[in-house]
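With the input below, show me the fold.
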Amino acid sequence: MNLNKILGGIALLSVVGAVSAQETVVKIGHSGPLSGSQAFSGKDNENGARLAIEELNAKPISVGGKVIKFELQSEDDQGDPKSGVGAAQKLIDSGVKFVVGPYNSGVTMPASRTYNEAGVLVATVSSNPKITEQGYKNLFRINASDSQLGSKMALYAAKEMKMKKVAVIDDRTAFGQGVADEFTKQAKTSGLQVEPREFTTDKATDFTTILTKLKAKNVDGIFFGGYAPQGAPMARQMKQLGITAKLLGGDTICTAEMGKLGGDTVGENVVCTQGGALLDKVASGPAFKAAYKKRFNINADVYAASFYDGVHLIADAMKKTNSLDPAKVGAELYKGSYKGVGGNYGFDAKGNLKESPVTVFTFKGGVPTAITTY
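Purely as a prediction, here's the structure:
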């Protein structure tokens, strides 16, 4: 064989080896309910993160002179606090330093301590205000908090729907209690009469006893702090009992699953709030929805865009700081900003969004349909 060809081949192999050596794998963790009654939300969130990672790998970024290849490691936390801590530890043990999730406030509260102790940066949609009051430096909320979701629903009920008397039910989860508390606080400030709180669980399916009691009180609206697997049968039983009050709620009943589970009993009788502006009204919203539909053959639900943005804003901060150190990436998130599909991501000193619009929805044909940004 020609000596020049041999030398050329060796040189080529050396270049290929050098290029391979310059690639660094960065794991992005995801924690969410991938089994159980909330699995539809967990999978939607995971899909959003996966789409972002596939896009980043298609047009890779470089950090510290090395090409970054992102890998998604997704863990099922079952929407359960204990399982959430276990999922967090599993991600940490696998070397994950950046996490999008958890979804549930009740999971995020204990898991965030585990992540904080390991120096992991967390971007969550969990909305209980107490989450960002813990003082964990690298914990960011990438959506509206309960104080925004609950209070805006109360303001809309009082000012636009002209309600006078409302009831409140919560499912005793950290999210359900938090959003119900914020609704109640603003409802009273807005002059609404609020009946004594009723309670259920996130596993219940029969609400007839509570609803029968509330029917006798002739309320204009019933605010439910809880999730779609309970919200849908609640709407069905309200109709069966002849209750004409509107069913109100936050983002967790503002999902296509609510319409799917509730059928024709979920329509304009349900009014709910979601964090963020309308995807159809923002520049990159329609393109994101189309890309998601093409990749997963289903429509994006409530938080797919937030998880997609969460991955991208972390990658953007890595590029700006030229670092994979979670502390440096987190510092950039505090001082900088990122324009994503769901809006502008800039954070205050506690890790909350500086700007967080809330959109009010109802249902038409089983699908959440926007009324207005409020």
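
distance of Val302 from Glu182?
18 Å (C-beta to C-beta, to the nearest Å). Heads up, the C-betas are built off the backbone N, CA and C, glycines and all.

err, Val266, not the other one
From Val266 to Glu182 the distance is 23 Å (C-beta to C-beta).

And Tyr308, by the same measure?
For Tyr308 relative to Glu182 (C-beta to C-beta), the value is 27 Å.

repeat for Ser35
In terms of C-beta to C-beta, Ser35 sits 29 Å off from Glu182.

who has more neighbours, those two?
Higher neighbour count among Ser35 and Glu182: Glu182, with 25 against 13, using other C-beta atoms under 10 Å.

Could I get the contacting residues of the more buried one?
Pro129, Asp146, Ser147, Gln148, Leu149, Gly150, Ser151, Ala154 (C-beta atoms under 8 Å, 6 or more residues apart in numbering).

Most neighbours among those, which one is it?
Most surrounded of the contacts of Glu182: other C-beta under 10 Å gives Gly150, at 31 neighbours.

chain center to the helix or strand where that one lies: distance?
If you go by DSSP states H and E, Gly150 is part of helix 146-159. Per C-alpha atoms, centre = their mean, to the nearest Å, the displacement of helix 146-159 from the mean C-alpha position of its chain is 19 Å.

So which residues make contact with it?
105, 127-129, 163, 166, 175, 178-187, 189-192, 220-221, 223, 225, 246, 248-251, 271-275, 356, 358, 360, 374.

Of all residues in the protein, which one is nearest the centre?
Val125 (3.6 Å; C-alpha atoms, centre = their mean).

ok, and the closest non-adjacent residue to that residue?
Asn143 (4.3 Å; C-beta to C-beta, 6 or more residues apart in numbering).

So that neighbour sits against Val358, correct?
No. Counting by C-beta atoms under 8 Å, Asn143 sits too far from Val358 to count as a contact (9.9 Å).

overlap in contacts of those two?
Common neighbours of Asn143 and Val358, counting by C-beta under 8 Å, 6+ apart, are Gly275, Gly276.

Mind checking which of these two has more residues around it?
Set Asn143 next to Val358 and count neighbours by other C-beta under 10 Å: Asn143 wins out with 28 against 24.

Would you agree that one falls within a helix?
No. Assessed with DSSP: H, G, I helix; E, B strand; the rest coil, Asn143 is coil; it does not lie in a helix.

Start at 6, not 1
All right, first residue 6 from here; so that's Asn148.
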